[in-house]
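**Student:** quick one, structure for this:
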Amino acid sequence: MMKALSSPHDALPRPLAGEGWGEGDTGTELAMDDPKQPSWNVSPSLRRHARELRKTSTDAERLMWSALRDKQLNGFSFRRQVPIGPFIADFACHSVKLVVEIDGGQHFSDDAERADASRTALIEARGFRIVRFSNAEVMSNRDGVLQSIAAELAASAPTPTLPRKRERERAKRAAKQRPEQIDSKQRPAAGDAD
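**Tutor:** Alright, predicted model coming up:
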């Protein structure tokens, strides 16, 4: 049964979930290949799994999230439990393509280390860098972990080009003014004679 259009606005597509007011279509999933234009293709089951992981995070993940959320770490925006390819990263900063993984005890078996290595390779193939910390490290040395993450962010943050451009323009203006200043100093003043 087809719904009759009650207004011209009914013909327009609904906004994506989380955008606009009220309900929305979930549309296709987001893929964070470009931080400015998210366009993931993530399966609904992977999205559900990421939501569940957000609800059931470990103590170490909650502690890290309390420090990373709301741009608290040097103004960088992090998301938690982010699908990247077929995997879910604990935390991701898309502007500098940095993934932070908090590993529990299950990550230290031989099989888990092999799985983590293939997972790391796939995520790095998408342009992300990964830093890993253990749950114990986060719980006992949170400030040290945050300093390590801040150093990674600083190392990968793009350098601003605007100041360099201003410096070049200032140097050009100064170069244009110098010949005039030199000429006026070398000219003999009126009435000076040898």
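**Student:** isn't residue 124 up against residue 130?
**Tutor:** Yes - using CB atoms under 8 Å, residue 124 is in contact with residue 130, at 6.6 Å. The way it works is simple: take the backbone N, C-alpha and C, and place the C-beta from them, glycine included.
**Student:** count of residues packed around residue 156?
**Tutor:** Number of residues near residue 156 (other CB atoms under 10 Å) recorded here: 13.
**Student:** so the nearest residue to residue 85 once chain neighbours are set aside is in which element?
**Tutor:** Nearest non-adjacent residue to residue 85, counting by CB to CB, 6 or more residues apart in numbering: residue 122, 5.4 Å away. According to DSSP states H and E, residue 122 maps onto helix 110-125.
**Student:** strands paired with the helix or strand that that helix is followed by, and their directions?
**Tutor:** Moving toward the C-terminus from helix 110-125, the next helix or strand (DSSP H and E) is strand 129-134. Counting by DSSP bridges, the strands paired with strand 129-134 are strand 98-103 (parallel).
**Student:** next, the buried residues of stretch 112-131.
**Tutor:** 116, 119, 120, 123, 128, 129, 130 (16 or more other CB atoms under 10 Å).
**Student:** how near is the fourth one to residue 47?
**Tutor:** With distances taken as CB to CB, to the nearest Å, residue 123 is found 17 Å from residue 47.
**Student:** sorry, back to before: which of the buried residues of stretch 112-131 sits closest to residue 64?
**Tutor:** Among the buried residues of stretch 112-131, residue 130 lies closest to residue 64 (CB to CB), at 14.5 Å.
**Student:** distance check, the closest residue to the closest one other than its chain neighbours against residue 77.
**Tutor:** Spatial nearest neighbour of residue 130, excluding adjacent residues (CB to CB, 6+ apart): residue 99 at 4.6 Å. Residue 99 sits 14 Å away from residue 77, going by CB to CB.
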